[in-house]
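> Quick one: sequence plus predicted model below, questions after.
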Amino acid sequence: MKLSCLQENLSRALAVVGRAVAVRSTLPITQNVLLATDGGRLRLSATNLEIGITTWIGAMIEEEGSITVPARLLTEFIGSLPAGQIEITGSDRPKGLSLSSGRINARISGTDAEDFPPIPIITAEEGVTFQVSTRDVKRSIDQTVFAADTEETRPVLSGILVEIEEDRMTLAAADGFRLAVKRGKTLNPVESPVNVIIPARTFGEVSRLIGDQDSTMEVLVSSSRNQVLFKLDDLQIVSQIIQGNFPRYRDLLEDAIRDTTAEASLRITDVLAASRSVYIFVRDSNNIVKLQLNPSSEDGPAGQIIISSKDDEVGENAAELDGQITGEEATIAFNGQYLLDVLANMDGEEVSIKTSGPSRAGVFTSPGSDQYIHLIMPMFITR
C-alpha cells in the first residue's frame, strides 16, 4: 500500500468511522480501523459487530493494499498534524503503516486486513429497498429516538420500530414510560411491507451523519430481516436488526385519544419556557412537573393552564399560561425531563395536550395533525 491524501479529509473520515469502533471488546481487532485502497480511493471501515461504518475519501494511489491499525492512535495522530498532504506507506515485515507529513515521520504497527471482521454487504436483489429524504428521515429520527429505552433489559425497547407499507412509513419508540410515533413517506413504494426494529443507537448515528444534508438516502433491509444498510454519498452504515415483538402501540394510542376528557392548545414556545423554569426546582429530586387545566367558559375569560413544581427543601415554582382549554378541569403530572423532551421536538407553533385523568397517559400532538403523536405516562401526585 502506498498513497497520499489530505490531512483534513483523513481526519474527518476517521471521526466518522470512529463512532463504530469498539470501546471495550473481547475481540481486540474491533478497536482497529481498516484502511484499504478501493477503486482509486481510500476506504475506511470500523465495526463493533453490531454496527459497521464505511466511508471513502479521495487519494493518490500508487500501490494497492490494505491494513488495520489501532483506531484511537491513528485518529489522535492524524488530528495532531497540520493541514496538508500526508504520505502513507504500508509494510508487511513488520506489519504496519509509515506516515509522513512535512518533517514529521511516524510508524504505527498494524495487523493483516484479513483478520478484520467482514462488514456485511446488502444488495437490492437480497431484500427490500426504498429511498427517503435525508431531511425528512432525520427529523423523524430526532422526534422518536429519545423515547427509546437506554437499558438492555428489554432489547425490543432499545430500538425503533420501522413499519412501511407502500410509501407510508411509521417510526415508533417506547421505553415503558413514554411512546413516540412519527408518520411520514418514503420516496418510492416498497414491493413488500417492512416491519423491523432498528437499534436506537444506529438511528442516532444515522441522524448525526446526515447532519444538514438535503439529499436522498437509500435503505436496504435484508430478506432475512436481520440486517439493514443505509447508503449516503461516500458513506455506508450497516447494522444488526433487533429480533422480537414491539408493543402494540396502536392500541395505546387509540385508548388514550378515545378517552380524552380535557384538551389544551397552547403556543409551544410558551409552554416550553414555562416548563423549563418550573423543572429547575425539581430536576435534582422528584422530577415531578404538574399541569392543571382550567377550561374556558363560553362567556368568561380564556382557559388557563398552570404548570408547577414543588420540592420541600428547594422551594416551589408556578407559571400561568392562557390558552384554549376544552373539556373538564384536569390535573396531571409528568416527569419534567420527559415533558421537555417532547416539547423541544414538536413541529409547528402550537401543541395540543390531551388527558383523561391523573392516572392515564397524556397525549401530545400538533393541533389537527396525527403525523407526530407522543404519549407520556403520568407520575403519582397528592393533591
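Thanks, I have the structure now.
> what about the stretch 251-383 of the chain, any weak spots by pLDDT?
298-301, 382-383 (pLDDT under 70).
> All the helices of it, in order from the start?
Assigned by DSSP state H, counting those that start in this stretch, the helices in the stretch 251-383 of the chain fall at 268-279, 336-344.
> What is the neighbour count of residue 313?
6 (other C-beta atoms under 10 Å). For glycine as for every other residue, the C-beta is placed from the backbone atoms N, C-alpha and C.
> Settle this for me: residue 175 is touching residue 157, isn't it.
Yes: the criterion here is C-beta atoms under 8 Å, and residue 175 meets it with residue 157 at 5.7 Å.
> intersection of neighbour lists for the two?
148, 149 (C-beta atoms under 8 Å, 6 or more residues apart in numbering).
> Would you mind telling me which of the two has the busier surroundings?
It is residue 157, of residue 175 and residue 157, that has more neighbours when counted by other C-beta under 10 Å, with 24 against 19.
> which residue is nearest the middle of the protein?
Relative to the mean C-alpha position of the chain, the nearest C-alpha, by C-alpha atoms, centre = their mean, is the one of residue 204, at 2.6 Å.
> Surely it touches residue 141?
Yes: the criterion here is C-beta under 8 Å, and residue 204 meets it with residue 141 at 7.5 Å.
> Contacts only, for residue 53.
Contacts of residue 53 (C-beta under 8 Å, 6+ apart): 16, 17, 19, 20, 45, 46, 47, 205, 209, 235, 236, 237.
> sorry, back to before: need the three-state assignment for the residue nearest to the centre of the chain.
helix (DSSP: H, G, I helix; E, B strand; the rest coil).
> can you list the domains in the chain?
2-115, 124-240, 249-376 (automatic domain parsing).
> Run the chain-centre distance for the last one.
In other words, domain 249-376. 25 Å (C-alpha atoms, centre = their mean, to the nearest Å).
> Find me the pLDDT at the residue nearest to the centre of the chain, would you?
For residue 204, the pLDDT comes out at 96.
> let's have the chain start at 51 instead
Sure thing, new numbering starts at 51, so read that last one as residue 254.
> Tell me how far it lies from residue 217.
25 Å (C-beta to C-beta, to the nearest Å).
> now do residue 146
50 Å.
> These two: who's more crowded?
Using other C-beta under 10 Å as the criterion, residue 146 and residue 217 rank with residue 146 on top: 17 against 13.
> In the sheet, which residues pair with the more buried one? Tell me.
With DSSP bridges as the criterion, residue 146 is bridged to residue 141, residue 159.
> The stretch 301-433 of the chain: strands as residue ranges?
Secondary structure of the stretch 301-433 of the chain (DSSP state E, counting those that start in this stretch): strands at 312-317, 338-344, 353-361, 365-377, 380-385, 400-405, 412-415, 422-426.
> Check which helices and strands the helix or strand where residue 186 lies sits against.
Under the criterion of DSSP states H and E, residue 186 resides in helix 184-192. Under the contact criterion of 3 or more C-beta pairs under 8 Å, 6 or more residues apart in numbering; DSSP states H and E, helix 184-192 touches strand 218-224, strand 228-235, helix 250-260, strand 266-272.
> switch to 6 Å and redo it
strand 228-235, helix 250-260 (3 or more C-beta pairs under 6 Å, 6 or more residues apart in numbering; DSSP states H and E).
> who's in contact with that helix?
221, 232, 234, 253, 257, 260, 263, 264, 265, 267 (C-beta atoms under 6 Å, 6 or more residues apart in numbering).
> what's the neighbour count on residue 296?
19.
> Buried by neighbour count: which residues of stretch 385-403 qualify?
385-386, 388-393, 395-396, 400-403 (16 or more other C-beta atoms under 10 Å).
> how about those residues in TSV, adding distance to residue 373?
What follows is these, written out as TSV (distance: C-beta to C-beta, whole Å):
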residue	distance to residue 373
385	22
386	19
388	20
389	16
390	18
391	21
392	17
393	14
395	20
396	15
400	9
401	10
402	10
403	9
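> Tell me which two in those are the farthest apart.
385 and 400 (22.5 Å; C-beta to C-beta).
> what mean pLDDT does the host helix or strand of residue 105 have?
Element membership for residue 105 (DSSP H and E) is strand 101-108. Throughout strand 101-108, pLDDT has a mean value of 97.
> The very next helix or strand once past it - contacts with which helices or strands?
Tracing the chain past strand 101-108, the next element assigned as helix or strand by DSSP H and E is strand 110-113. Applying 3+ C-beta pairs under 6 Å, 6+ apart, we find strand 110-113 packed against strand 52-56.
> Dump the strand it packs on to CSV, restricted to CA.
In CSV, the C-alpha atoms belonging to strand 52-56 read as follows (Å, rounded to 0.1, in the frame of the first residue of the first chain):
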residue,chain,number,x,y,z
LYS,A,52,1.3,3.4,-1.0
LEU,A,53,-0.8,6.6,-1.2
SER,A,54,-1.2,10.2,-0.3
CYS,A,55,-4.2,12.1,0.8
LEU,A,56,-5.2,15.4,2.6
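> quick one, it and strand 101-108 angle?
Calculated by axes from the mean of the first three to the mean of the last three C-alpha atoms, to 10 degrees, strand 52-56 forms an angle of 90 degrees with strand 101-108.
> what is the mean pLDDT for strand 52-56?
97.
> what's it in contact with?
92, 109, 110, 111, 112, 113, 135, 136, 137, 138, 139.
> All good on my end, thank you.
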